[in-house]
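Asker: Just the structure for this:
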Amino acid sequence: MKGWGWLALLLGALLGTTWARRSQDLHCGACRALVDELEWEIAQVDPKKTIQMGSFRINPDGSQSVVEVPYARSEAHLTELLEEICDRMKEYGEQIDPSTHRKNYVRVIGRTGDSNKLDLQGIRIDSDISGTLKFACESIVEEYEDELIEFFSRESDNVKDKLCSKRTDLCDHALHISHDEL
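Answerer: Residues are numbered from 1 along each chain as shown. Purely as a prediction, here's the structure:
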């Protein structure tokens, strides 16, 4: 009976490690896809478009504390994007890296709705994958909304690494594969 206890413990540890790696792959992939989608959406906004921010109350001297800021990176626009961005996860598929056996999530539908130009070799596409990825994305948005708004309210380089690896720890530092590199 002693042997079975050790075997069960070993099996439990192995299954736990496998589940944790899959969960990390999923959350890392969702974070990286989320960053890709937000960066693309921000880039689509006319840089000349602005929004008024501040207080609309009139100060005693008759002035107002209103400033115009670029709309693309405004809190209002980012909040609006975060409400709907996870729906885009249905446009992603799962690819297993042959060397590391880790999961990557890649866009399978072009931004214009065309998938004919994309190489879909070795990419699994189904509703379970997109549903799980969408749920992971929604969890990230809910938990890290303030960080997402903080990062995207100003231009920054390497947002994927800074946000997904360093700030949130959703990706381990060995997973720096960009969706663009795949």
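Asker: make it CA atoms for all contacts and neighbour counts henceforth
Answerer: Fine.
Asker: ranges for the strands of the protein?
Answerer: All strands of the chain, identified by DSSP state E, fall at 50-58, 64-70, 92-96, 103-107, 123-124.
Asker: Show me what the first one is packed against.
Answerer: Using 3 or more CA pairs under 8 Å, 6 or more residues apart in numbering; DSSP states H and E as the contact criterion, the neighbours of strand 50-58 among helices and strands are strand 64-70.
Asker: circling back to that earlier point, output the strands of the chain as CSV; include the columns mean pLDDT and mean neighbour count.
Answerer: CSV is the format used below for the strands of the chain (pLDDT from 0 to 100; neighbours: other CA atoms under 10 Å):
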stretch, mean pLDDT, mean neighbour count
strand 50-58, 76, 12
strand 64-70, 79, 13
strand 92-96, 92, 20
strand 103-107, 91, 24
strand 123-124, 89, 16
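Asker: The ones you listed: which one's closest to Gly29?
Answerer: With CA to CA as the measure, strand 103-107 is the member of the strands of the chain nearest Gly29 (5.5 Å).
Asker: just to revisit the earlier point, between the strands of the chain, which gets nearest to Ala43?
Answerer: Nearest of the strands of the chain (CA to CA): strand 64-70, 11.9 Å.
Asker: Partner strands of the closest one, with direction?
Answerer: strand 50-58 (antiparallel) (DSSP bridges).
Asker: Need the contact partners of the strand it pairs with.
Answerer: With contacts defined as CA atoms under 8 Å, 6 or more residues apart in numbering, strand 50-58 is touched by 64-72, 74.
Asker: what's the span of stretch 88-106, first residue to last?
Answerer: 12 Å (CA to CA, to the nearest Å).
Asker: What ranges in this protein fall below the confidence cut-off?
Answerer: 1-22, 55-56, 113-117, 173-182 (pLDDT under 70).
Asker: residue boundaries of the helices in it?
Answerer: For the chain, applying DSSP state H gives helices covering 2-43, 75-84, 127-152, 159.
Asker: Now do the second one: distance to the chain's middle.
Answerer: If you compare the mean C-alpha spot of helix 75-84 with that of the full chain, they lie 14 Å apart, counting by CA atoms, centre = their mean, to the nearest Å.
Asker: ok, and for it, which residues are buried?
Answerer: When burial is assessed from 16 or more other CA atoms under 10 Å, helix 75-84 yields the following buried residues: 75, 77-78, 82.
Asker: same question, stretch 122-137
Answerer: 123, 125, 129-130, 132-137.
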